[in-house]
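Asks: Just to be clear, the model below is a prediction. Sequence and coordinates:
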Amino acid sequence: MERLSFGAAAADYAAHRPDYARDAVRWAVNPAPGTRVLDLGAGTGKLTAVLAATGATVTAVEPDPAMRAELTRALPRVTALAGSAESIPLADGAVDAVLAGNALHWFDMTVAGPEIARVLAPGGVLAGLWNVVDDRVAWVAGLARVAGPDVIGPRDTPAAWRDATPGVPGEGSWFGDVERAMFGHGQRRTADALVATLATRAGVLTMPEVRRRMVLDGIRGYLASRPETANGEFTLPMLTCVIRVRRR
């Protein structure tokens with residue numbers, strides 16, 4: 001299953017993937033009736049760490065044991081459970097908010113929608129967050145062209161995210177109307193570090209090795225050719241994009 005392809009690269013994922021804009025996380029959870037938060041499909045804990053820093057009581061659920069082990073190593077005080085969006089190991093009404101960082105599009109929402117609604121308290125919040133590169137910046141747009149859609153594709157740029165954002169089954173029954181917002185973000189990188197980050201994308205992890213090397217070499221050559229990225233550290237312009245719904 002492609003959504004479990006990250007496990008083999010869990011340490012690289014933990015080292016290179018960005019966290020989430022604090023303002024985006026605050027916006028996602030602010031309507032919740034309390035501070036009990038579930039990070040669903042938590043991976044190595046990138047979103048979990050931001051949630052924990054807000055003072056929320058956080059539970060992380062992640063199906064991949066290698067990813068979950070990285071989360072536990074980094075955040076030993078957070079409860080991390082084996083489970084999935086389609087089978088959440090929590091009681092009815094156990095949390096006030098369910099957040100998913102770069103994960104909601106992997107869920108089978110015909111099953112996960114009712115399951116998420118089950119663990120949410122009345123008035124609770126479901127939010128999906130995605131980090132995207134800001135291709136309104138010229139060199140980032142060029143990077144997206146060179147990398148190709150298997151590396152920077154649906155949901156990975158602002159316009160693509162708006163077009164590809166998944167809906168929430170149960171709108172009009174379990175959940176209310178969808179709200180959307182975008183928040184400025186960025187990640188400090190070098191050219192080598194950015195190549196390593198892009199190498200953790202699912203589309204790259206599942207490529208044949210020869211093609212993977214060719215794609216990453218092309219990205220490395222592009223970054224070497226740009227004055228913004230050729231020498232030392234730079235900030236990769238990003239946005240954290242959020243959809244939010246409230247449980248009825």
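Replies: Alright, I've got the coordinates.

Asks: Skip the chain neighbours and tell me the closest residue to residue 27.
Replies: residue 181 (5.7 Å; Cβ to Cβ, 6 or more residues apart in numbering). In this view, the C-beta of every residue, glycine as well, is placed from N, C-alpha and C.

Asks: How about residues contacting the helix or strand where that neighbour lies?
Replies: If you go by DSSP states H and E, residue 181 is part of strand 179-189. For strand 179-189, the surrounding residues in contact (Cβ atoms under 8 Å, 6 or more residues apart in numbering) are 18, 20-21, 23-24, 27, 131, 158, 162, 165, 197, 233-245.

Asks: Any buried residues in that strand, and which?
Replies: Residues 182-183, 185, 187, 189 are the ones in strand 179-189 that count as buried (16 or more other Cβ atoms under 10 Å).

Asks: among the contacts of strand 179-189, which are in helices?
Replies: 23-24, 27, 158, 162, 197 (DSSP state H).

Asks: biggest separation within the residues you listed, which pair?
Replies: Distance extremes for the ones in helices among the contacts of strand 179-189: the farthest pair is 27 and 197 at 24.5 Å, using Cβ to Cβ.

Asks: now what about the lowest-mean-pLDDT helix or strand in the chain, what contacts it?
Replies: Between all helices and strands in the chain, the lowest mean by mean pLDDT, DSSP states H and E belongs to helix 158-164, at a mean of 82. Residues from elsewhere that reach helix 158-164, judged by Cβ under 8 Å, 6+ apart: 105, 130, 132, 134-136, 153-155, 180, 182, 239, 241.

Asks: do stretch 193-204 as well
Replies: Contact with stretch 193-204 is made by 2-3, 5-6, 9, 12-13, 15-18, 147, 149-153, 187, 189, 205, 212, 215-216, 219-220, 223, 229, 236, as judged by Cβ under 8 Å, 6+ apart.

Asks: Now, of these, which are buried?
Replies: 3, 5-6, 9, 12-13, 16-18, 147, 151-153, 187, 189, 205, 212, 215-216, 219-220, 223, 229, 236.

Asks: secondary structure element for residue 151?
Replies: Residue 151 belongs to no helix or strand, assigned by DSSP H and E.

Asks: Spell out, range by range, the strands that occur in the chain.
Replies: Ranges of strands within the chain are 36-40, 57-61, 79-81, 95-101, 120-133, 179-189, 234-246, based on DSSP state E.

Asks: Output these as JSON lines; include the columns distance to residue 46.
Replies: Output for these, formatted as JSON lines (distance: least, Cβ to Cβ, whole Å):
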{"stretch": "strand 36-40", "distance to residue 46": "9"}
{"stretch": "strand 57-61", "distance to residue 46": "11"}
{"stretch": "strand 79-81", "distance to residue 46": "13"}
{"stretch": "strand 95-101", "distance to residue 46": "6"}
{"stretch": "strand 120-133", "distance to residue 46": "9"}
{"stretch": "strand 179-189", "distance to residue 46": "11"}
{"stretch": "strand 234-246", "distance to residue 46": "11"}
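
Asks: where does residue 196 sit relative to residue 76, distance-wise?
Replies: Using Cβ to Cβ, to the nearest Å, residue 196 is found at 25 Å from residue 76.

Asks: distance of residue 107 from residue 84?
Replies: 8 Å.

Asks: Find residues that contact each of these two.
Replies: In contact with both residue 107 and residue 84: residue 41, using Cβ under 8 Å, 6+ apart.

Asks: Among the ones in helices among the contacts of strand 179-189, the buried ones, what's the ChimeraX command?
Replies: A single ChimeraX command selects the buried members of the ones in helices among the contacts of strand 179-189 (16+ other Cβ under 10 Å):
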select :24,27,158,197
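
Asks: ok so, going back, among the contacts of helix 158-164, give me the pair with the biggest separation.
Replies: Spatial extent of the contacts of helix 158-164 (Cβ to Cβ) is set by the pair 105 and 136 at 22.3 Å.
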